[in-house]
Structures are given as structure tokens and as C-alpha cells.
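K.L.:
Turn this into a model:
(one chain, ligands or ions: 1)
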Amino acid sequence: MSSKVLSAHLPASLAAERHGNVAVLKLNRPQKRNALDDETIIGIEQFFTSLREGVGAVLIAGEGEHFSAGLDLTELKERGVPEGIAHSRLWHRAFEKIQFGKVPVVAVLHGAVVGGGLELAAAAHVRVAERSAYYALPEGSRGIYVGGGGSVRLPPLIGVARMMDMMLTGRTYSAEEGQAFGLTTYLVEDGKGFARGLELAQRIAGNTPLTNFAVMHALPRIAEMNATHGFAMEALMSAIAQADDEAKVRLKDFLEKRGPKATRD
Ligand code: 1HE
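P.N.:
This next block holds a predicted model:
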């Protein structure tokens, strides 16, 4: 782990690197298909709470053949109801630090993106899939239920009906299907996800902090509000963003023919 990325120590199941103003977090337990044990979830929480100044976006990816096999099932053995609730809340806390943290997060998905691995991916802001990616919620067939925020974050991405189908029948979806539903917004060839994700994260890190704050923190809340509240919140957020000095510089740059144009990719 590079000390330039964070102040906290990470467990061996996670590895952090820094690429300019992008911090990269890798799930680093390929021998267990990046199964997520408690130590890893606590490490993810620490990573997102102790990012150093100057980090403008995070890229999350998995080592090995799969993004993540989800919950480490060896830790489920003898858990009672109170421990089960505490465990789910631990995941909620950690993933909340991703979704509503300091900077936007891009997730690169490949191979199995299943159970808690899919819940982790759903907490990111932009998802890039390689063609090898596939999605499943095997909780249904194991007699358990999602506990990492999937009931909240997956329906807006794939719809309640698809999530029900995945849980009730064990159905898996391919990378192409996930892309068609809107679960991912980029689909690339195998081996190309990291570079594409890094390029997107670098672009995101170049936005003003206020714009990134508005998109991460205001947009999803506005989307859950009624229209009356939403319009008022949008007007406030828009006025705050445009009053920022950096926004004024960027506007001036465009008007004086220095700023980038909104052209096709
Ligand atoms: C694991 C786990 C795991 C692999 N917990 N150890 N998730 C699941 O139900 C998915 C379970 N895993 C799988 O279906 C498969 O492992 C994969 C399709 C992801 C990959 O298959 P494959 O053939 O590449 O690997 P493998 O031989 O199955 O696994 C390699 C090792 O990883 C093996 O251990 P080993 O000591 O025998 O080498 C596996 O036991 C281990 N491994 N997945 C523990 N999940 C907050 S609630 C969230 C609830 C959930 O996420 S439930 C869904 C759990």
C-alpha cells in the first residue's frame, strides 16, 4: 500500500495504489475469489474514511478472475439474529462511506459480481463492465437474504422485478444484459476495464469538488424527493455551484475560447 493514498492500514485482502489524483482500491484475495470477510469490509470503510487530500476520485477493482464472490460464507456459520443485524449494519456503514463519501467512485467489474460483490458494485457511482462480468444473487438459493444494501441500491438500477427473479430463481445476467438494463454504463473487452475505469476516474477527479459533491450528495436525494422539494433543492445547489470561484474561471475560459467543448467521445 502506498502511504500517499491513506493514513489507515489495510488488511492483506485489500491493496491500495495511487495514480495521480486517483486512489485505486483492489480487492486482493483472489484465492478466495475476493470473498468479503469482516476484516475486508472494515478495511473498505477505513479506506474511504481516510483518503488523503488531493485524491479526487477512487477506482475499485478486483484481482484475479473475478470481481467478488460476495460474502465470505465461512463467517456465516453460527450467527444469531442480533449478530446478523450487526453484521448487515457493518456493511451498510462501510458502503455508505462509498456512496456518500468524499469523492466519486468508479467500479470495474469482471467475472463473478455476485451477492455482496454486486452490492458493493451498486454503491459506486460509475460502473464499467468487462465482457466476462456476470451478475447473480445466490443468497436466494443459500437460504439467506441480501444484507449489504442490495434491497435499497439494486432496484433503482435493475428494477424490483429483475432482482426478485435473481433471488427467487438463481437467474444470472450477463455483462451485455447488465449494460442494457443500466446496471453498468460502460462495456469493454476483457482486460480493458482497468484502463477505461482509470481514464474515467481521472476525468471525474478533474471536475470541481462542488460539482462532484452536488452529483454525489444532492442528485440522489433530489431523485427521492417530491418535485416541489426537488426543484427548490436543485435551484439552491445550482446557485451554490455556479457561485464558486473555480466555476467562474471555467466559464470565463470557455467564453474566451480556452475551455473544452462538449463534443462527441
Ligand atoms: C469462498 C466464496 C465465498 C469462493 N465465501 N469462500 N456468494 C456465493 O454464494 C458465491 C460462492 N462462490 C462461487 O459460486 C464460486 O466460488 C465462484 C463462481 C465465485 C468462483 O468459482 P471458481 O470455480 O472460480 O472458484 P471456487 O473453486 O468455487 O472457489 C475458490 C476458493 O474460494 C474455494 O476455497 P478453497 O479453500 O477450496 O480453495 C472457495 O470455497 C472459496 N470461495 N467463494 C467463502 N463466497 C452482506 S450479505 C451478502 C450475502 C452474500 O453475498 S451471499 C452470496 C455468497
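
K.L.:
Flag the shaky bits of this structure, pLDDT-wise.
P.N.:
Applying pLDDT under 70 to the chain flags residues 1-8.

K.L.:
what about the residue lying closest to R127 once chain neighbours are set aside, neighbour count?
P.N.:
Of all residues not flanking R127 in the chain, T184 sits nearest, at 4.2 Å (C-beta to C-beta, 6 or more residues apart in numbering). (Glycine included, C-beta is placed from N, CA and C.) By the criterion of other C-beta atoms under 10 Å, T184 has 27 neighbours.

K.L.:
Quick check: T184 vs H110, distance?
P.N.:
11 Å (C-beta to C-beta, to the nearest Å).

K.L.:
shared neighbours, the two?
P.N.:
With contacts taken as C-beta atoms under 8 Å, 6 or more residues apart in numbering, T184 and H110 have A129, A133 as neighbours in common.

K.L.:
which parts of stretch 234-245 are buried?
P.N.:
Residues of stretch 234-245 classed as buried: M237, A241 (neighbour count, 16 or more other C-beta atoms under 10 Å).

K.L.:
tell me how far it is from the chain's mean position?
P.N.:
Here the centre of stretch 234-245 is set off from its chain's centre by 26 Å, with C-alpha atoms, centre = their mean, to the nearest Å.

K.L.:
for stretch 170-190, same thing?
P.N.:
15 Å.

K.L.:
Now the residue in the stretch 101-250 of the chain that the ligand sits nearest to. Nearest residue, chain neighbours left out?
P.N.:
The nearest approach of the stretch 101-250 of the chain to the ligand comes at G115, 2.4 Å away (C-beta to the nearest ligand atom). With sequence-adjacent residues excluded and distances taken as C-beta to C-beta, 6+ apart, G115 is closest to G70, at 2.6 Å.

K.L.:
Could you do S88 as well?
P.N.:
Leaving aside its sequence neighbours, S88 sits nearest to G147 (C-beta to C-beta, 6+ apart; 3.7 Å).

K.L.:
One more: G148?
P.N.:
Residue nearest to G148 in three dimensions, not counting chain neighbours: E119, with 3.5 Å by C-beta to C-beta, 6+ apart.
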